[in-house]
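Enquirer: Provide a 3D model corresponding to the input given below.
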Amino acid sequence: MRANVGDQLLVHTRAVGLRERTGEIVEVRGTDGAPPYLVRFDDGHETLVYPGPDCEVRSAQR
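Expert: Numbering: from 1, shown residues only. Take a look at the predicted model:
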């Protein structure tokens with residue numbers, strides 16, 4: 001997985017009652033766009049994310 005600052009991270013869920021989360025990647029801490037990513041979610045919460053198979057990166061350059 002590769003990302004740039006400004007890209008969107010979507011965290012999908014299969015659990016009933018939980019919603020998908022969307023956040024903006026504000027910092028890329030890995031080399032060459034690799035994780036971990038510092039992500040600011042829609043609710044303002046920032047956290048360090050190591051994306052799993054339930055995550056998707058959407059480029060800000062669309």
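Enquirer: who does the residue positioned nearest the centre of the chain bridge with?
Expert: Nearest residue to the geometric centre of the chain (Cα atoms, centre = their mean): L9, 2.8 Å. Assessed by DSSP bridges, L9 has beta-bridge partners G23, V57.
Enquirer: Isn't it up against P35?
Expert: No: look at L9 against P35 with Cβ atoms under 8 Å: they stay out of range, at 9.9 Å. Just so you know, the C-beta spots here come from the backbone N, C-alpha and C atoms, and that holds for glycine as well.
Enquirer: Now the common contact residues for those two.
Expert: Counting by Cβ atoms under 8 Å, 6 or more residues apart in numbering, the common neighbours of L9 and P35 are 3, 49, 51.
Enquirer: Out of those, which sit inside strands?
Expert: V49 (DSSP state E).
Enquirer: and the shared contacts of L9 and P35 as JSON lines, adding neighbour count and distance to R40?
Expert: Shown next, in JSON lines, are the shared contacts of L9 and P35 (neighbours: other Cβ atoms under 10 Å; distance: Cβ to Cβ, whole Å):
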{"residue": "A3", "neighbour count": "23", "distance to R40": "13"}
{"residue": "V49", "neighbour count": "19", "distance to R40": "11"}
{"residue": "P51", "neighbour count": "18", "distance to R40": "15"}
